[in-house]
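Colleague: Sequence first, predicted coordinates after that:
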Amino acid sequence: MSRMAVAMAGDCRSIGGSFKTVNTMNAMQEPAVEMLDISKKFGGISALDSARFSARAGEIHALMGENGAGKSTLMKILSGAYVRDAGGVSLNGQAVDIRKPGDALELGISIIYQEFALAAHLSVAENICIDDLGKSKGVVPWAAMRRKARAILDELGFHDIDVRQPVGSLPVAYQQAVEICKALSRNARVLIFDEPTAVLTSHEVEKLFRILDELRRKGVCIVYVSHRMDEIFRICDRATVLKDGKTVGTLALAEITERGLIEMMIGRELSDLFPARQASIGQVLLKVDHLCAGRLVRDVSFEVHAGEVLGFCGLVGAGRTETMRAIFGADRITSGTLYLEGRQIYNRTPRDAIANGIGLLPEDRKQQGVLLEMSIRVNGALRPNSPYTGRMGWIASGRETRGIEALRKQLAVKTRSIEQLVGDLSGGNQQKVALMKWVDAGCRVLILDEPTRGVDVGAKTEIYRVINDLAEQGVAIIMVSSEMIEIIGMCDRVLVMREGAIAGELAGERIKEQAMICLAMGVEHHE
C-alpha cells in the first residue's frame, strides 16, 4: 500500500498501529516449511542457486528481493508450478516431493496470485468448494457446499458476501477473500501471497490485513511477496532476502530498518534513491485548456514545461489516468483544447498524439504496455514511424538489432538476449521494455502513468535515472503516481486531482505528504 493509501485509510493512530501478533513460541518452533539448497535453471540461465528459505506456523514471512532475484521461481517450486533441479523441501520436518500443483494442494500449500484463479460465472460457494463438485456421482450437494462456504466466510468476517452470488459480480477485495476461502477449504496450512495489494484500494487493503492477522492467530504459515516496504514492516514478522537467485539472509524485521533491508536487496548502500537532476526548466511545451472527457475528467487545465517533471496525484478514481488517456487520444475529448508549443493540436487517436510528439507509458503494462508473447526486440521497435523501418516497409534488421541492444543496455534490462519473450521477464524488466520504445522516440512530452508500480527498489532507481536523462534533454515529463515519496523525490511541481478536477498545485518546498493528502480529500490544510 502506498504512503498515501496508508494515510487515507482512516484515523492516523489506527493506521500507524501494527497488525503484528506477538508469538513468543515462534522462535522455538520447527519450520512449517523449509526449502534447502534449491536450484533451478531455464535454458542454461540460473534462476536459483542453492537458495534457502524457511517459515514458521503462525507468522507472516516476507520474501524480498529485486525483480529477477528468484522470488517467484522459488514460490512456484513450493506450489508445484515448477520442478526444482536440486535441493529439498520439507513440511513440519518431513521431507516432501512436490512435482505438480496437485501435490502442493494435497500437502496444504496454496498460492494466491495477483490474477485470481476464479471461475467468474460460478457462484461464491462453487468457487470456494470447487474441489467438491466432482466428488459425488452425478449429484451435487448444493446445500452442504453452501453451508461450508458460509462457515468459512463467516469465520473471516465476510458475513455480507452472498454465497449464491456469481464471483464475477463481486468487488476485487471480495474476490480475493473468496480465493483465500477456497484455499482454506482445502485445509491450507501454508498460504503464499504474491503482491496481494496491487489491485486493492486502501480500504480493501485494511480488510486484507485483518484477514491475514486472523490467519496468523490460527497458526497458518503465510509467505508474503511484496515490493511495498510500508506493508512489509507493518504486518510481517520476519523477512528473507534473495539476490541473483541466492539467499542473502533471514532476519526479524524488528532488528532492521527499511534502509537496511533495501541495501540487503540491492547489495550496496542506498546513497540516494532519487538521482540528482541537472535539467533547466524551459518554455511551456504542452498546455491543456478546460479539458473534459467522460465522467471523470472535468474542466482540467494545466501547463508543463520543457525539462520539467510534473507530478499528478490523488485518490483512486480521481481522474488522473482518464485525463492522460484523453490527452493521448485513447479516450474521446468532449470539450477543451490542447496546445503544443503554442500550436493547437488534435489528438483524436494515439497515432495523432505520437505524430504530435506525445508518448504515453500506460498504467497497466501487461494489458497495454507490452506484447508478452513477443520478443524484447519487437516490443522495443513497436511504434509508428519506427526508425528501423524503410520507405517500403522493410525492416532494417541489423540497425534494429543494434538500436534495441543499445536501449537494453541503457535501461539495464536483465536478459540473456533481446530475442527473449517479454512474458518471461520479471515485472521490473517488463516495465523497462515498456519504457524502451519511448526513450528514443523523439517525444516532446512523455506521460508516465504509475511508471514504477510493481517494480523493486533497484529497478526504480534505474527508471528514475532514465526519466532524469529525458528531462535533461528537454522532454516535458508528466508523472502520475500513487507513491507519495516518489512524487516528492522526483517532481518539480505537483497537481492534485479530486473528483475529476484539479484540486490544487504544489511546488518546491510545499510538496509535502500532508498537503497532498488534504488537497486530495478536500480538507483544509495549514502549514
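Modeller: Looks like it arrived, so ask away.

Colleague: When you work out contacts or count neighbours from here on, use the C-alpha atoms and nothing else.
Modeller: Noted.

Colleague: Okay, helices next: where are they in the stretch 251-400 of the chain?
Modeller: Using DSSP state H, counting those that start in this stretch, the helices of the stretch 251-400 of the chain run over 258-266, 320-328, 350-355, 376-381, 397-411.

Colleague: residue ranges with poor pLDDT in the stretch 401-527 of the chain?
Modeller: For the stretch 401-527 of the chain, applying pLDDT under 70 flags the ranges 524-527.

Colleague: now with 80?
Modeller: Along the stretch 401-527 of the chain, segments meeting pLDDT under 80 span 416, 426-428, 454-459, 521, 523-527.

Colleague: quick one: the strands in it?
Modeller: Secondary structure of the stretch 401-527 of the chain, counting by DSSP state E, counting those that start in this stretch: strands at 445-449, 476-480, 493-498, 501-507.

Colleague: got the angle between the second one and strand 493-498?
Modeller: This points to strand 476-480. Strand 476-480 and strand 493-498 meet at an angle of 40 degrees, taking axes from the mean of the first three to the mean of the last three Cα atoms, to 10 degrees as the criterion.

Colleague: got the angle for strand 476-480 vs helix 320-328?
Modeller: Using the same axes, to 10 degrees, strand 476-480 lies at 150 degrees relative to helix 320-328.

Colleague: can you check the third one too?
Modeller: Angular relation of strand 493-498 and helix 320-328 on a 0 to 180 degree scale: 110 degrees, by the same axes, to 10 degrees.

Colleague: Packing partners of strand 493-498?
Modeller: Strand 493-498 sits against strand 309-314, strand 501-507, helix 513-521, with contacts defined as 3 or more Cα pairs under 8 Å, 6 or more residues apart in numbering; DSSP states H and E.

Colleague: what packs against the last one?
Modeller: The reference is to helix 513-521. helix 3-8, strand 309-314, strand 493-498, strand 501-507.

Colleague: how about that helix: buried residues?
Modeller: 514-521 (16 or more other Cα atoms under 10 Å).

Colleague: Pick the one among the residues you listed closest to Arg416.
Modeller: Arg416 lies nearest to Met516 out of those, by Cα to Cα, at 42.1 Å.

Colleague: Out of the helices of the stretch 251-400 of the chain, which is closest to Gly43?
Modeller: With Cα to Cα as the yardstick, what comes closest out of these is helix 376-381 (17.1 Å).

Colleague: residues making contact with the closest one?
Modeller: Under the criterion Cα atoms under 8 Å, 6 or more residues apart in numbering, residues 370-371, 388, 400-401, 404-405, 418-422, 433-434, 436-437 lie in contact with helix 376-381.

Colleague: sorry, back to before: and the helices and strands packed on strand 493-498 as a markdown table, adding distance to Leu215?
Modeller: Formatted as a markdown table, those follow (distance: least, Cα to Cα, whole Å):
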| stretch | distance to Leu215 |
| --- | --- |
| strand 309-314 | 32 |
| strand 501-507 | 41 |
| helix 513-521 | 32 |
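
Colleague: Next, the residue positioned nearest the centre of the chain: phi, psi?
Modeller: With distances taken as Cα atoms, centre = their mean, the chain has Gly454 as the residue nearest its mean C-alpha position (2.7 Å). Backbone torsions of Gly454, given as degrees, to the nearest 10, read phi 70, psi 20.

Colleague: Contacts only, for it.
Modeller: Contact partners of Gly454, counting by Cα under 8 Å, 6+ apart, are 195, 198, 227, 427-428.

Colleague: repeat for Ala149
Modeller: So Ala149 contacts 124-125, 128-129, 163, 181, 185 (Cα under 8 Å, 6+ apart).

Colleague: And Gly474, by the same measure?
Modeller: By Cα under 8 Å, 6+ apart, the residues touching Gly474 are 279-282, 306-308, 444.

Colleague: filter the residues you listed to the buried ones?
Modeller: By 16+ other Cα under 10 Å, those give 279, 281, 306-308, 444 as buried.

Colleague: ok, back up a step: any chance of JSON lines for the buried residues of helix 513-521, columns distance to Leu118?
Modeller: Listed next are those as JSON lines, based on distance: Cα to Cα, whole Å:
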{"residue": "Gln514", "distance to Leu118": "39"}
{"residue": "Ala515", "distance to Leu118": "40"}
{"residue": "Met516", "distance to Leu118": "37"}
{"residue": "Ile517", "distance to Leu118": "35"}
{"residue": "Cys518", "distance to Leu118": "38"}
{"residue": "Leu519", "distance to Leu118": "38"}
{"residue": "Ala520", "distance to Leu118": "34"}
{"residue": "Met521", "distance to Leu118": "34"}
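
Colleague: quick check, nearest of the residues you listed to Ala501?
Modeller: The nearest member of the buried residues of helix 513-521 to Ala501, counting by Cα to Cα, is Ala520 at 10.3 Å.

Colleague: give me the low-pLDDT residue ranges for the stretch 1-150 of the chain?
Modeller: Counting by pLDDT under 80, the ranges of the stretch 1-150 of the chain that qualify are 1-29, 43-45, 66-68, 114-116, 132-140.

Colleague: Remind me which helix or strand the nearest residue to Thr247 once chain neighbours are set aside belongs to.
Modeller: Spatially, and ignoring its direct neighbours in sequence, Thr247 is nearest to Ala51 (5.2 Å; Cα to Cα, 6 or more residues apart in numbering). Element membership for Ala51 (DSSP states H and E) is strand 45-55.

Colleague: measure Glu106 to Gly336 for me?
Modeller: 59 Å (Cα to Cα, to the nearest Å).

Colleague: How about Ser386?
Modeller: Using Cα to Cα, which is the criterion applied here, Ser386 is 31 Å from Gly336.

Colleague: cool, and Leu156?
Modeller: For Leu156 relative to Gly336 (Cα to Cα), the value is 49 Å.

Colleague: Same check on Thr197?
Modeller: Separation of Thr197 from Gly336 (Cα to Cα) stands at 36 Å.

Colleague: Compare these two and say which one has the larger neighbour count.
Modeller: Legend: neighbour count by other Cα atoms under 10 Å for Thr197 and Gly336, higher for Thr197 (22 against 15).

Colleague: The more buried one reaches Lys207, doesn't it?
Modeller: No - using Cα atoms under 8 Å, Thr197 is not in contact with Lys207, being 10.6 Å away.

Colleague: re the thing from before, among the contacts of Gly454, which one has the most neighbours?
Modeller: Highest neighbour count within these: Gly428, with 25 neighbours (other Cα under 10 Å).

Colleague: can you pull the contacts of it?
Modeller: 67-68, 452, 454-456, 459.

Colleague: how about the buried ones among the contacts of Gly474 in CSV, adding distance to Ile211?
Modeller: As requested, these are exported to CSV (distance: Cα to Cα, whole Å):
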residue, distance to Ile211
Ala279, 47
Ile281, 48
Ala306, 47
Gly307, 46
Glu308, 43
Arg444, 47
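
Colleague: For Arg465, state which of those residues is nearest.
Modeller: Using Cα to Cα, Ala279 comes nearest to Arg465 of the buried ones among the contacts of Gly474, at 12.2 Å.

Colleague: Doesn't Pro196 lie inside a strand?
Modeller: No - secondary structure of Pro196 (DSSP: H, G, I helix; E, B strand; the rest coil): coil, not part of a strand.

Colleague: per-residue confidence at it?
Modeller: The model reports Pro196 with a pLDDT of 84.

Colleague: Ok, Val199 next?
Modeller: On the pLDDT scale, Val199 gets 67.

Colleague: re earlier: can you tell me which of the buried ones among the contacts of Gly474 is nearest Tyr346?
Modeller: Nearest to Tyr346 among these is Arg444, at 15.5 Å by Cα to Cα.

Colleague: Let me see the contact set for the closest one.
Modeller: Arg444 is in contact with 285, 306, 357-358, 474-476, counting by Cα under 8 Å, 6+ apart.
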